[in-house]
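Trainee: can you look at this prediction? I've put the sequence above it.
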There are 2 protein chains.
Amino acid sequence: MKRTLWASLAIAALALPLAAQEAAPAPSPGEIVAAADPGDWIGIAADDLLVMDLAAGRDGQARRVVIQLMPEPFSQGWIENIRTLARTRWYDGISVNRVQDNYVTQWGDPNYDNPEAEGEAKPLPGGLMVVPQTEYTDLRTAGEATWFKWADGPYANHHGFYSGWPIGWRADAKWPVHCYGMVGVGRGMSPDTGSGAELYTVIGHAPRHLDRNIALVGRVIEGMEHLSSLPRGSGALGFYTPEEADKRTPIRSVRVASDLAEAEQPRFEYLATDSETFARYAEARANRRDPFFIVPAGGADICNIPVPVRRVGEAG
Amino acid sequence: MKRTLWASLAIAALALPLAAQEAAPAPSPGEIVAAADPGDWIGIAADDLLVMDLAAGRDGQARRVVIQLMPEPFSQGWIENIRTLARTRWYDGISVNRVQDNYVTQWGDPNYDNPEAEGEAKPLPGGLMVVPQTEYTDLRTAGEATWFKWADGPYANHHGFYSGWPIGWRADAKWPVHCYGMVGVGRGMSPDTGSGAELYTVIGHAPRHLDRNIALVGRVIEGMEHLSSLPRGSGALGFYTPEEADKRTPIRSVRVASDLAEAEQPRFEYLATDSETFARYAEARANRRDPFFIVPAGGADICNIPVPVRRVGEAG
C-alpha cells in the first residue's frame, strides 16, 4: 500500500513541469495573515479594551488579560455597565471563582450566584441596567455581515463575520457565537438577570447551546492562558469549594484602557473581516495546504476561524 | 419589553391546566444519563485502558490520567505499539513537552520532533509498526454506525457514533473526529511517521482540520484536568523552551490496566451509543429544556455530545 502510494507520487511528479515541482509550499493561514497589507488592519478603540490584572502567579510572573468589548448592535447599553464597574473599581479585589474543564472560567463576587458561597454578596454601584440576555438586535437593521460561506452545521443556516466578530445567522435572527475565548455575562436562572459584574470566558469546545441564552460582551485578545490554565474547581459547576478557597485567583484591578495614561494604553488591531486577506486566510483554515497536511477538511466551522488580532506595530 | 414578556408568560400560564403548570422541569442531559438502565452501560476491557501517572502537583496532589484506547476498525495494529511501549516501560520517565493554548497537550521524549530539543532522542523498543496516519478502514466493511442525525456543518455530510466513538461520515469515508480529550499520535511532516511514543490530547475547540491527517488512538476518560490546566509553553507550537524546561511535567509511569493487580485495575463503562437512552441524551444536548435555557439550539455538533463514561458502580 505504501509502496504503491510512493510510486503514484513519483509518476505525478514526473508529469509536472520543473517550475511546479520547485514551487514554494502553499502558505499557512498564519503566513497569509503575516503578509497582509497594513490597510487590512483596523485599530480597536481604547474605550473598547479592558485591562485585567490577576494576582501574580506562583513564580511571580505578571498575569495580564486584555479583553475587547463588543460593539453594537450585538452588545448595546449594557456594555456601559462594564465600564461603570471598572470605573467605580467594583471589580478590584474580586476573584476567579469557577473553572469548569472544557467549559468556562468565571470571575466576579465569590458570594454572588455561587452554589459554594458562604458570605454576603458585594453591593453593586447604582445605575446599572439589567442585561436582557436573550435580546440581540437583528443585523439586518445595522448593515450586512460579510463572508458567509459554509453551512454552520446544526446551529444556523450560515455563519460569518461582522465587524470582526463571529456570528450565526438564520432567516429570523443573527447572533454572536460562543467561540473559545469569548466573554459573556453570568446570570441566574431568570434570563433577565446579570449586570456584567459576573463574567466568564469559554475555555473548551465552543458551547454553542449557550448562544442566544446568554449575552456575549467581548473576547479575550491577550493573556487567555492565564484564565484557561487555572486549576479546575471541584464544587458544583466547577466552582471552588470553601475548602479550596485558596485556589481562587485574586483580580487586582480592571481598567478601561482609555482611563490609563496614554503611554500605558495597550493598542490592538484586528484583521478586517471584509478584506480579501481575511477571505484567503479563512479559506486556508478550511483547506490546509501547508506541508503538514495531507487531507484538507474542505470547510471550517466558525470557531475554527479565529479573527486575527495583534498588538499595533507587530507587522509580520 | 420585559413587562410585555412577563405578561405573555402569565397569560400562557393561565391557559395551561394546573397539572402542566406543576410538572417537573424537563430533565437535563445529565439527569437522563443518571436514570439510564444498567443494561445501557457497556464495560471497557482492561486491555483498552491506559493508566498514566504524572508527577504529583505542587500541592502534593496525585495526578492520574486514564485513557481509553480505540477499537478497530479505526485503530488497528498500531494500537499494539502503545501497549508495547507501556509494557517495556518506555513511557516511564518521559514528560509533557508541549502545551499550546486552545490546541493540544503533547507528551513523549522531549528530544523527539521538538523544535526546542537540545539532546538525543531516546531509542524506541524494537517491533513497532509505523502508524499509517491517514489510513482508516471504511466503516462500511465493519458494520453500521448509529445515530446520524444532524448535518456536520462543513466537515462531513453526517456525523454519529460507532461503538461509543464520535465519527464523521462522507460517501467515500468514515473517520474518528478530533473532539476535546481525544488522543492522537504525534508525527513529523511525513504522514507515515510516528509510532505512538509521542501522543497528544485536544485541550480546546475541536481542531477538525486534523481529522484524517493524524491517527486518533483513544480519549482521556478521567483526569483530563491534569493535562488541560498545565502551564502553556512559550516556544514554537507551545513547546517549552530550554529556559522553561522545569515546566515539563514528568510522567512517572504508564501501564495497561490489565497488567495491574486485579484490585488496582480501574473499571469503566460507557453509555451504549445505539441505546434509546443515548438518543434521548443527545437530543437533550441539542435542545436544552432544563430551566436555565431559554432558546434551544435545535441541534448539536458532534463534539458537543460527549459520550458518557463513568467508573463501574457509579450509578446515578
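Mentor: Great, that's in hand.

Trainee: give me the pLDDT for A:N213.
Mentor: pLDDT, A:N213: 89.

Trainee: now swap in A:A19 and tell me
Mentor: 45.

Trainee: could you do the one 3 residues further on as well?
Mentor: With respect to pLDDT, A:E22 scores 53.

Trainee: excluding its backbone neighbours, what's nearest the closest residue to chain B within the stretch 201-316 of chain A?
Mentor: For the stretch 201-316 of chain A, the residue closest to chain B is A:G299, as judged by C-beta to the nearest C-beta, at 2.3 Å. Yep, even glycine has a C-beta here, placed from its N, CA and C like the rest. Leaving aside its chain neighbours, A:G299 sits nearest to B:P154 (2.3 Å; criterion: C-beta to C-beta, 6 or more residues apart in numbering or on different chains).

Trainee: could you count how many residues lie near that neighbour?
Mentor: Using other C-beta atoms under 10 Å in any protein chain shown, B:P154 has 20 neighbouring residues.

Trainee: wait, doesn't it sit right on A:A286?
Mentor: Yes. B:P154 is within contact range of A:A286, at 6.7 Å (criterion: C-beta atoms under 8 Å).

Trainee: low-confidence ranges, chain A, go.
Mentor: Low-confidence segments of chain A (pLDDT under 70): A:1-23, A:135-153, A:157, A:314-316.

Trainee: got the domain ranges for it?
Mentor: A:22-42+A:280-310, A:45-119+A:178-267 (automatic domain parsing).

Trainee: so which of the ones you listed is the most packed in?
Mentor: Of all the domains of chain A, domain A:45-119+A:178-267 carries the top mean neighbour count, a mean of 19, counting by mean count of other C-beta atoms under 10 Å in any protein chain shown.

Trainee: three-state assignment of A:L237?
Mentor: helix (DSSP: H, G, I helix; E, B strand; the rest coil).

Trainee: now do the contacts for the residue lying closest to it once chain neighbours are set aside.
Mentor: Spatial nearest neighbour of A:L237, excluding adjacent residues (C-beta to C-beta, 6+ apart): A:Q100 at 5.9 Å. Each residue near A:Q100 by C-beta atoms under 8 Å, 6 or more residues apart in numbering or on different chains is listed here: A:232-233, A:237-238.

Trainee: and A:Q100, what are its bridge partners?
Mentor: Beta bridges link A:Q100 to A:V104, judged by DSSP bridges.

Trainee: correct me, but A:P306 touches A:C179?
Mentor: Yes. The pair A:P306 and A:C179 passes the contact test of C-beta under 8 Å, sitting 7.1 Å apart.

Trainee: picking that back up, so what's in contact with B:P154 and A:A286 at the same time?
Mentor: Common contacts of B:P154 and A:A286 (C-beta under 8 Å, 6+ apart): A:150, A:297-300.

Trainee: and the helices in chain A?
Mentor: A:2-15, A:18-21, A:29-34, A:79-87, A:225-228, A:276-286 (DSSP state H).

Trainee: tell me the helices and strands packed up against the third one.
Mentor: Translated: helix A:29-34. helix A:276-286 (3 or more C-beta pairs under 8 Å, 6 or more residues apart in numbering or on different chains; DSSP states H and E).

Trainee: count the residues that sit near A:Y155.
Mentor: Neighbour tally, A:Y155, other C-beta under 10 Å: 28.

Trainee: apart from its neighbours in sequence, what residue is nearest it?
Mentor: Leaving out its chain neighbours, A:Y155 is closest to A:R208 (C-beta to C-beta, 6+ apart), at 5.0 Å.

Trainee: follow-up on the earlier one: and B:V256, which of the domains of chain A is closest to it?
Mentor: Smallest distance to B:V256 across these (C-beta to C-beta): 25.3 Å, for domain A:45-119+A:178-267.

Trainee: quick one: name the residues of the stretch 101-250 of chain A near chain B.
Mentor: A:101-102, A:130, A:132-135, A:150-155, A:179-181, A:189, A:191-192, A:203-209, A:211-213, A:224-225, A:228-232 (C-beta under 8 Å from any C-beta of the partner chain).

Trainee: now for A:V130: which residues touch it?
Mentor: Counted by C-beta under 8 Å, 6+ apart, A:V130 has contacts A:192-195, B:2.

Trainee: make TSV out of these and add distance to A:P166.
Mentor: Shown next, in TSV, are these (distance: C-beta to C-beta, whole Å):
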residue	distance to A:P166
A:D192	25
A:T193	25
A:G194	22
A:S195	25
B:K2	28
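
Trainee: just curious, which of the residues you listed is nearest to B:V96?
Mentor: Nearest to B:V96 among the contacts of A:V130: A:G194, at 37.2 Å, using C-beta to C-beta.

Trainee: pretty sure that closest one sits against A:L216.
Mentor: No. At 11.9 Å, A:G194 and A:L216 do not qualify as touching, with contact defined as C-beta under 8 Å.

Trainee: what touches both of the two?
Mentor: With C-beta under 8 Å, 6+ apart, A:G194 and A:L216 have common neighbours A:V185.

Trainee: going along the chain, name the strands of the stretch 1-150 of chain A.
Mentor: A:41-43, A:49-54, A:63-69, A:95-100, A:104-108 (DSSP state E, counting those that start in this stretch).
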